[in-house]
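S.K.: This is a predicted model, with the sequence first.
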Amino acid sequence: MRLDLVPRARRSPLAEALSPVLAFVTAVLIGGVAVSLLGVSPGAAFAVYFVTPLSELWSLQEIAVKAAPLALIATGLAFCYRANLWNIGAEGQFVVGGLAGGWVAVATQGSAGSTAWILPAMLLAGTLAGIAYAMIPALLRVQLDVSEILTSLMLVYVAELLLDYMARGPLRDPAAFNFPQSVAFDAAARLPYLMEGETLHAGVLLALAATVIATLVLGRSLFGFATRVVGESPRAARFAGFSEVRLTLAAFAISGGAAGLAGVAEVAGRIGQLQPTISPGYGFTAIIVAFLGRLSPLGILAAALVIAITTIGGEAAQIDLRLPLDLTRAFQGLLLCLVLGADVLTRFRIRLVSGAAR
Amino acid sequence: MSLDMIQMVLVTVLTAATPLIIAALGELVVERAGVLNLGVEGMMVCGAALGFAAAVETNSTLLGALAGAGAGMGLAAVFGLLTVGLAANQVASGLALTILGLGLSGLVGAGYVGQKREPAPHLYVPGLSDLPGIGRLFFGQDAFVYAGLGLAAGIAWFLWRTRAGLILRAVGDDHAATHALGLPVRGVRFFAVLFGGACAGLAGSYLSLAYTPFWAPAMTAGRGWIALALVVFASWRPGRVVAGATLFGGATVLQLHAQAASIGLPGQLLSALPYVATILALVLLSLGRRRGGSLAPAALGRDFTPHR
């Protein structure tokens, strides 16, 4: 038996929209089998993972608060991945963004006079830190042709250790009884809540704004067009005179800046202080989100919500059904595998031919 | 420093280098066939988890190592199906494999956290192993270390001294031409991917069976990624993989000693050393070969769909 792939002359928009859905349904079915192997009824697990999170106000807010950084980071990553650039260090850019923003908050703690500038300064510092950190792999790639995949990933570990050091060392709250954390930020250094007494904060708006801007830039601007051409046909891009160097730096700056902004929004929104770890792996999960959303901003927004629902559901399942949290991670990895496999259906027709493998 | 102390240091360097050697050699074969599998970390951590679980259940280190290699191979089969069979994006599929592997390893290993085993037995040859200065280094290692070194020699022989090795390198350099010659491009690639997975799994099981004989979640701590960097650093040559891995093993041991001796630097800075060293190594390598062209297999990372 042999698997033959016949390229499609035209991509069908229906198949493109349906392929992630198909992948998701398959992943849920496989997940159901895994869950029943672990001795839990698949129906009950489905309810806890996908239905309960949508049925209460507090968990709906949690979904939005978790989906926001994922959407923001993944939207930035879409620029890189569309240009065939592999920034997989968004986690590190997220962490340095949070660290830089948090540093501003700690340094301005209790300052007298007008404090309205503190939050914008934090957001700016976080974004710039993310950009600067993303420039390291970008510059190494354009100047020395060093693989951006490896350097961006190695810098994740470095960033995590840096934050760990800062939160336990220089930025630790001296009055915290040796707890490794900074002082709690002033109200002026916190993102405002959108509803009185609830957890939904303004970081969600940042993600929505990023979606709108990215949709316009990718779909309606010369830069967005050049990004796509460089990714899909580097030769054509060279003939068209698009500068690969400029584009590489720009794509990395966008993704690093978005990740840095998401990082500072996380510390200024949900956490409210610096801790040795500030991310449950948002930067890596965002890679899944980017591909699940087919690298389009609107798709990414939807994908971020889906992944956030499974994450909240996974936490609930851990408590209610004693299902391990790693099940959620394995499910997300499986989902990405299936999304990538299903993508083939949009590009090729698959034919099974008898005969030896070639 | 006495001869025995030097030997002690060299022994620890070699044991720290062994997982990198095994995993990087597997990936070297995969990349020589033109496939970039970024899922080494995921296959390795699965090998560590399943290897430890199997060793505890069967009370056999050998079966544990085999189970570890099998786990890596199983994940590699998924990757091969996606990228070689369905021409899916290799970079993204490799990342998916890493995420999947970290999750699966957590599931498998959950029941084994906190358990301990005896480390894999070390070779002991009466007389030879007791030789002062060199006995323990050459005749007193565990089987993984010898397997790693043997693998390096075997792969070097296979790639440059056999017809099958020539075909594998040809597939990695120009898949269209090898396909035109009637050679099974996708078959070769799939087997290479499986081999790489088995090596990564074996390297992982070394961690949980010999290096630190217990299972801890995500215990590979980025070694799979360092192995990937080593392949580039070694210019896709087995001998240089061993040399490079020994350098990295040395850096790891140095870092541990520095941390133990508390020389006044923050522990986090020392822990960051291997990662920074990896970046520096890649930069230096790139500076060093500005004049020559790229040494990477020409078709590395490009997918292949035969047309007729």
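M.R.: Thanks, I have it.
S.K.: Tell me the residues of the stretch 201-308 of chain B that contact chain A?
M.R.: Proximity of the stretch 201-308 of chain B to chain A (Cβ under 8 Å from any Cβ of the partner chain) is limited to residues B:217, B:222, B:225, B:228-229, B:232, B:266, B:268-269, B:271-272, B:275-276, B:278-279, B:282-283, B:286-287, B:294, B:305-306. Bear in mind the C-beta positions are built from the backbone N, C-alpha and C, glycine included.
S.K.: switch the cut-off to 6 Å
M.R.: With Cβ under 6 Å from any Cβ of the partner chain as the criterion, the stretch 201-308 of chain B comes near chain A at residues B:222, B:225, B:229, B:266, B:268, B:271-272, B:275, B:278-279, B:282-283, B:286, B:305-306.
S.K.: Can you mark which positions in the helix or strand harbouring residue B:8 are buried?
M.R.: Element membership of residue B:8, judged by DSSP states H and E, is helix B:3-32. Neighbour counts over helix B:3-32 (16 or more other Cβ atoms under 10 Å in any protein chain shown) mark B:7, B:9-32 as buried.
S.K.: same check, this time on stretch A:105-123
M.R.: Across stretch A:105-123, burial judged by 16+ other Cβ under 10 Å covers A:105, A:106, A:108, A:109, A:118, A:119, A:121, A:122, A:123.
S.K.: so how many other residues sit close to the residue lying closest to residue A:52 once chain neighbours are set aside?
M.R.: Using Cβ to Cβ, 6 or more residues apart in numbering or on different chains and skipping the chain neighbours, the partner closest in space to residue A:52 is residue A:316 (6.1 Å). Neighbours of residue A:316 under the rule other Cβ atoms under 10 Å in any protein chain shown: 17.
S.K.: And residue B:114, how far from residue B:217?
M.R.: 11 Å (Cβ to Cβ, to the nearest Å).
S.K.: Residue A:280 should be in a helix, yeah?
M.R.: No - looking at residue A:280 with DSSP: H, G, I helix; E, B strand; the rest coil, it is coil, so not inside a helix.
S.K.: Look up phi and psi at it.
M.R.: phi -80, psi 40 (degrees, to the nearest 10).
S.K.: That one and residue A:311: what is the separation?
M.R.: Taken as Cβ to Cβ, the span from residue A:280 to residue A:311 is 8 Å.
S.K.: For these two, indicate the residue with more neighbours.
M.R.: The neighbour count for residue A:280 versus residue A:311, taken as other Cβ under 10 Å, is higher for residue A:311 (24 against 12).
S.K.: Count the residues that sit near the nearest residue to the more buried one once chain neighbours are set aside.
M.R.: Nearest residue to residue A:311, sequence neighbours excluded (Cβ to Cβ, 6+ apart): residue A:66, at 5.8 Å. Residues contacting residue A:66 under the criterion other Cβ under 10 Å number 22.
S.K.: Ok, residue B:132 next?
M.R.: So residue B:132, with other Cβ under 10 Å, has 10 neighbours.
S.K.: Quickly find the element holding it.
M.R.: Per DSSP H and E, there is no helix or strand for residue B:132.
S.K.: Before we move on, what's the pLDDT of it?
M.R.: pLDDT for residue B:132: 73.
S.K.: sorry, back to before: isn't the residue nearest to residue A:52 up against residue A:47?
M.R.: No - checked against Cβ atoms under 6 Å, the pair residue A:316 and residue A:47 is beyond contact range at 9.9 Å.
S.K.: Apart from its chain neighbours, what residue comes closest to the residue nearest to the spatial centre of chain A?
M.R.: Computing the C-alpha centroid of chain A and ranking residues by Cα atoms, centre = their mean puts residue A:286 first, at 2.4 Å. Nearest non-adjacent residue to residue A:286, counting by Cβ to Cβ, 6+ apart: residue A:73, 3.7 Å away.
S.K.: quick revisit: who's more crowded, residue B:114 and residue B:217?
M.R.: Neighbour comparison, residue B:114 and residue B:217: the larger count goes to residue B:217, with 14 against 8 (by other Cβ under 10 Å).
S.K.: And the pLDDT at the more buried one?
M.R.: For residue B:217, the model assigns a pLDDT of 87.
S.K.: isn't there a helix covering it?
M.R.: No - read with three-state DSSP, residue B:217 is coil and lies in no helix.
S.K.: Next, the buried residues of stretch A:127-137.
M.R.: Neighbour-count burial for stretch A:127-137 [16+ other Cβ under 10 Å]: A:127, A:128, A:129, A:130, A:131, A:132, A:133, A:134, A:136, A:137.
S.K.: Check the secondary structure at residue B:35 for me.
M.R.: coil.
S.K.: Remind me which helix or strand the closest residue to it other than its chain neighbours belongs to.
M.R.: Sequence neighbours aside, residue B:189 is the residue nearest to residue B:35 in space, at 5.4 Å (criterion: Cβ to Cβ, 6+ apart). Here residue B:189, judged by DSSP H and E, is contained in helix B:185-206.
S.K.: mind showing which ranges of the stretch 51-200 of chain B have poor pLDDT?
M.R.: Applying pLDDT under 70 to the stretch 51-200 of chain B flags the ranges B:133, B:135.
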